[in-house]
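K.L.:
got a predicted structure plus its sequence, pasted below:
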Amino acid sequence: MSDNGNGFEPRIVGFLCNWCTYTAADTAGVSRMKQTANVDIIRVMCSGRVDPTFILKAFVEGADGVIVSGCHPPGDCHYSTGNFKTFRRMPMVEALLEQYGIEKGRFHWGWISGAEAPKWARLVNEFTEQVRDLGPLDWKRQLQSKED
Amino acid sequence: MADNGKLKLGLYWAASCGGCEIAIVELREKILDLDAAADILFWPCAMDFKYKDVEAMPDGHIDVCLFNGAIRSSENEEMAHLLRQKSQVLVAFGSCAHEGCIPGLGNLFDRQSIFDRVYLETPSTDNPDSIFPQTSYQMPEGEVHIPSFYNTVKTLGQVEDVDYFVPGCPPQAPQIWAVIGAILSGELPEKGSVVGASATKTVCDECKYDREEKRVTKFYRPHEIIAEDRCLFDQGIICSGPATRAGCEARCTSVGMPCRGCYGPGPNVVDQGAALLSAVASVVDADTEEEAARIVGDVLDPVGTFYRFGLPASMLHRKKLEGVG
């Protein structure tokens, strides 16, 4: 893992669809593309399967950043329109997180096809540095903060 | 039970509006049955009691305490601890005690921003010396104290051990009576249960309207549209029915108002707001990202809309506090 001197290694949870972005991540790994080791990947069958609860839970349980990525719309989706559900849902999740005071840079959603392994590797590296700059989120401390 | 065989009942309000107290009075003629069955030992809203009267009771003296209101201040929390100590059964009564309710939306702010708004910024406030409430103050007669105001609104269950939860803003009379009936008959459910509501159904199941497979191209707030006599959600009015526990007999939708979600999360729902957000997204009629962003952009206040009654009990509890984490 890289370290910019402040000793903070972000923990990032990536929800990747089985058919496109997970394949890209797999290819990136097999091709030995250089990536930070900060993203814990959770493979889901479709980005449309990502319930907003998963994203909130990731942040509550200690994630400093979350990525949701699937197949390019329209047309790439293995289930035709599963990714439509993603783009109907995620703008509201973004707005919700902003109201909760979770910085915009901690959440990324988008599309990476199975043929775009370099794009995945680049996202991992850039997103890791972006979250590193934001510092730890540590939501559990929010819940435990003592009243004076 | 008291020597006369009557139930010893306590009622208290913390951070609440008083609606739960009115809900008790809404029992109407049954209030006489309640009086016949129970001695009321403590009910500051309706009768003259002092906290020292409660402090003087032996531990466990009150059989059942119906505690409404959220925990907003040190006074609320002190009373929660005191009433837990003095009561055999502590019931979180109503949405505020159960989930934080409307006072819980204060969790989008913190103490300082609330004080700034209330004591400095409101148009009707004239406070040139920027005077804020102090928890202690030296008067000629001696030092006086007031409770401290918390940054975060909590539910009763987050500060004390609660035996039962009764949802609703306010709980509906038949449900209240069912709860009191269960206590009187001694047929108490498992500790920690939500009573007076359905464990298996949502408000949609009780609603008189049937949902059709409608697609929505614009969302409306209730005052922006004259609703037709059919499913409100299908007309683009955000209704919390799909994400909300049944038990209220869908009273709001029966008069053309959307469900606001006061009975809390429905069966198998972890986070009511996240579930409602998903339900709203599922009806958006958009085949491009731009169109979807435009339609869901109609939802101006996602947290206030999706967590109107349950922010403190939700997964995230509150907005991020500056300087923490």
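P.N.:
Nice, thanks for sending it over. Keep in mind it's a predicted model, so treat the numbers as computed, not measured. Residues are numbered from 1 along each chain as shown, chains lettered A, B, ... in the order given.

K.L.:
what does the stretch 101-250 of chain B have sitting close to chain A?
P.N.:
B:Leu108, B:Ser148, B:Tyr150, B:Asn151, B:Thr152 (C-beta under 8 Å from any C-beta of the partner chain). Backbone N, C-alpha and C define where each C-beta goes, glycine included.

K.L.:
which members of those are the farthest-apart pair?
P.N.:
B:Leu108 and B:Ser148 (20.0 Å; C-beta to C-beta).

K.L.:
and the closest residue to chain B within chain A, what helix or strand is that in?
P.N.:
Going by C-beta to the nearest C-beta, chain B is nearest to A:Gly101 of chain A, at 3.2 Å. A:Gly101 belongs to no helix or strand when elements are defined using DSSP states H and E.

K.L.:
thinking again about what came up before, in helices, which of the residues of the stretch 101-250 of chain B next to chain A fall?
P.N.:
Applying DSSP state H to those, no entry is found in helices.

K.L.:
about what we covered before: the nearest residue to the residue of chain A closest to chain B once chain neighbours are set aside: neighbouring residues, count only.
P.N.:
Among residues not flanking A:Gly101 along the chain, B:Lys320 sits closest, at 3.2 Å (C-beta to C-beta, 6 or more residues apart in numbering or on different chains). Around B:Lys320 there are 19 other residues, counting by other C-beta atoms under 10 Å in any protein chain shown.

K.L.:
assess the claim that B:Lys320 and A:Ile102 are in contact.
P.N.:
Yes: with contact defined as C-beta atoms under 8 Å, B:Lys320 counts as touching A:Ile102 (6.4 Å).

K.L.:
let me see the contact set for the residue in chain B that chain A sits nearest to.
P.N.:
Relative to chain A, the nearest point of chain B is B:Lys320 (3.2 Å; C-beta to the nearest C-beta). Neighbouring residues of B:Lys320 by C-beta atoms under 8 Å, 6 or more residues apart in numbering or on different chains: A:Tyr100, A:Gly101, A:Ile102, A:Leu137, A:Trp139, A:Gln142.

K.L.:
give me the pLDDT value at it.
P.N.:
Reading off the confidence values, B:Lys320 has pLDDT 92.

K.L.:
what sits against B:Met257?
P.N.:
B:Met257 neighbours (C-beta under 8 Å, 6+ apart): B:Pro222.

K.L.:
A helix includes it, no?
P.N.:
No: under DSSP: H, G, I helix; E, B strand; the rest coil, B:Met257 falls outside any helix and is assigned coil.

K.L.:
what separates it from B:Arg221, distance-wise?
P.N.:
12 Å (C-beta to C-beta, to the nearest Å).

K.L.:
the domain parsing of chain B - what is it?
P.N.:
Per automatic domain parsing, the domain ranges recorded for chain B read B:7-102+B:151-185, B:203-306.
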